[in-house]
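Trainee: what follows is a predicted protein model with its sequence.
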Amino acid sequence: MNVIGYKEIKRGRKNRACFWCGQIIELGQPYVSWCWVENGIERINVHPECRDAWHKVADEEGGFYETMPYEHARGRTCAIHREGPERT
């Protein structure tokens, strides 16, 4: 697994779903984005607080944590199991 193109975006130009929590990252809001390369390329977009939660869990797991999309509460480390992104 490789991570490429890590960026901290100050103001998003469109709505997008957060990979971590499934909530919408709204137009004009900050977010963090990177590409995950493993058997293809996947773009990951997360709220800054969701990125921090992911890092915390990864640190507790020895430096790496693989998760499914929309599996956690916003900015929280506990899994909640969602079916897909929330629609607003």
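Mentor: Received the coordinates, thanks.
Trainee: where does pLDDT dip in this protein?
Mentor: Applying pLDDT under 70 to the chain picks out residues 1, 79-88.
Trainee: try 90
Mentor: Scanning the chain for pLDDT under 90 picks out 1-5, 36-40, 42, 55, 57-69, 76-88.
Trainee: ok, now which ones touch the residue lying closest to residue 3 once chain neighbours are set aside?
Mentor: Of all residues not flanking residue 3 in the chain, residue 34 sits nearest, at 5.3 Å (Cβ to Cβ, 6 or more residues apart in numbering). C-beta coordinates here come from the backbone N, C-alpha and C atoms, glycine included. Residue 34 sits next to 3-7, 43-44 when contact means Cβ atoms under 8 Å, 6 or more residues apart in numbering.
Trainee: wait, which of these is closest to residue 15?
Mentor: residue 43 (14.5 Å; Cβ to Cβ).
Trainee: ok so that closest one is a strand residue?
Mentor: Yes. Counting by DSSP: H, G, I helix; E, B strand; the rest coil, residue 43 is located in a strand.
Trainee: that one pairs with what?
Mentor: When bridges are called by DSSP bridges, residue 43 pairs up with residue 35.
Trainee: how close does it get to residue 49?
Mentor: 19 Å (Cβ to Cβ, to the nearest Å).
Trainee: of those two, which one has the most company?
Mentor: Under the criterion of other Cβ atoms under 10 Å, the comparison of residue 43 against residue 49 puts residue 49 first, with 16 against 11.
Trainee: phi and psi next, for that one.
Mentor: With angles defined as degrees, to the nearest 10, residue 49 sits at phi -70, psi -30.
Trainee: do the one 3 residues further on as well
Mentor: Backbone torsions of residue 52, given as degrees, to the nearest 10, read phi -60, psi -40.
Trainee: what's the separation between the spatially closest residue to it that is not a sequence neighbour and residue 61?
Mentor: Among residues not flanking residue 52 along the chain, residue 75 sits closest, at 7.1 Å (Cβ to Cβ, 6+ apart). As for residue 75, its distance to residue 61 is 18 Å (criterion: Cβ to Cβ).
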